[in-house]
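Visitor: Predicted model, plus sequence, below.
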Amino acid sequence: MQLILDFGNTQQKLALYEGNDLALTRNYPEISKALIARILDEHPGITAAILSSVIHHSEEITALLRQRIQLISLDENTPIPVINKYKSSSTLGKDRLAAAVAGAAAFPGENVLIINAGTALTFDFVNEMGEYLGGSISPGMQMRFNALHTFTDKLPLISYQETVGLLGSDTRTSILSGVVNGIVAEIEGISNGYLEIYPGLKIILSGGDLNYFVNRLKISIFALPNIVINGLQQILSFNVNKTK
């Protein structure tokens, strides 16, 4: 059994894998040393873990994991099962790298575009030779809602609702139309740009906002939830197998 820890800016995720099957996934505001110790005690079959963190977490967590099991702390020097050709690998988001690994594994030997709709809207491309080349980053849905409210005097802070028309009839529905339809147009436009260069491209959509957009898109996509967690598990397995 493998333990996956993903410490992000807004939430922290914990997952357990039995082989390649996701057995458990949970989100927390903060994951403590005590929680990890309890998970290890409750699941004595855990033999290895990967920790991906973009925050300053307690060193006690790292020490506990290293004491109890094999630990991979993901950074730019961690071996990965794709060729990373990003020019500034030290600044590459760990979530983007993990998503690229999972996308390449989902469609080996093919050109793959991985779209992650979460805090940020990211596009990451892996070519048919398994080379990660990069992509693009723009604000995610809630970030766009927050920005319109924060950087103006009178626009309200709103959140997603199911009914979103093209023509907003008041300020609230105009913001909804602009943000949601804008993201749909961005996803379709960028995807079609890649398709012109790479016919037959496989397009994956994932992220916390996946369900808000999956049925609005008029392009062929593969919806794969938990792609970052899945990619982290594949990186962990890749490193565990190297040591055997």
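Guide: Yes, it's here.

Visitor: Which of the three states applies to residue 6?
Guide: Put simply, residue 6 is strand when judged by DSSP: H, G, I helix; E, B strand; the rest coil.

Visitor: Enumerate every residue touching it.
Guide: Residue 6 makes contact with 12, 13, 14, 15, 52, 53, 95, 228, 229, 232, according to Cβ atoms under 8 Å, 6 or more residues apart in numbering. To be clear about C-beta, it is placed using only N, CA and C from the backbone, and glycine gets the same treatment.

Visitor: any idea which of those is least confident?
Guide: Least confident of the contacts of residue 6 in the model: residue 53, at 88.

Visitor: how close does it sit to residue 131?
Guide: Look at residue 53 and residue 131: by Cβ to Cβ, to the nearest Å, they are 26 Å apart.

Visitor: So between these two, which is more surrounded?
Guide: Comparing residue 53 with residue 131 by neighbour count (other Cβ atoms under 10 Å), the higher total belongs to residue 53, at 18 against 15.

Visitor: if we can go back for a sec, generate JSON lines for the contacts of residue 6, with secondary structure and distance to residue 126 as supplementary columns.
Guide: JSON lines is the format used below for the contacts of residue 6 (DSSP: H, G, I helix; E, B strand; the rest coil; distance: Cβ to Cβ, whole Å):
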{"residue": "12", "secondary structure": "strand", "distance to residue 126": "27"}
{"residue": "13", "secondary structure": "strand", "distance to residue 126": "23"}
{"residue": "14", "secondary structure": "strand", "distance to residue 126": "27"}
{"residue": "15", "secondary structure": "strand", "distance to residue 126": "22"}
{"residue": "52", "secondary structure": "strand", "distance to residue 126": "18"}
{"residue": "53", "secondary structure": "strand", "distance to residue 126": "23"}
{"residue": "95", "secondary structure": "helix", "distance to residue 126": "15"}
{"residue": "228", "secondary structure": "helix", "distance to residue 126": "15"}
{"residue": "229", "secondary structure": "helix", "distance to residue 126": "18"}
{"residue": "232", "secondary structure": "helix", "distance to residue 126": "16"}
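
Visitor: where's the residue of the chain most remote from its centre, which helix or strand?
Guide: Computed with Cα atoms, centre = their mean, the residue of the chain farthest from its C-alpha average is residue 169, at 34.3 Å. Following DSSP states H and E, there is no helix or strand that holds residue 169.
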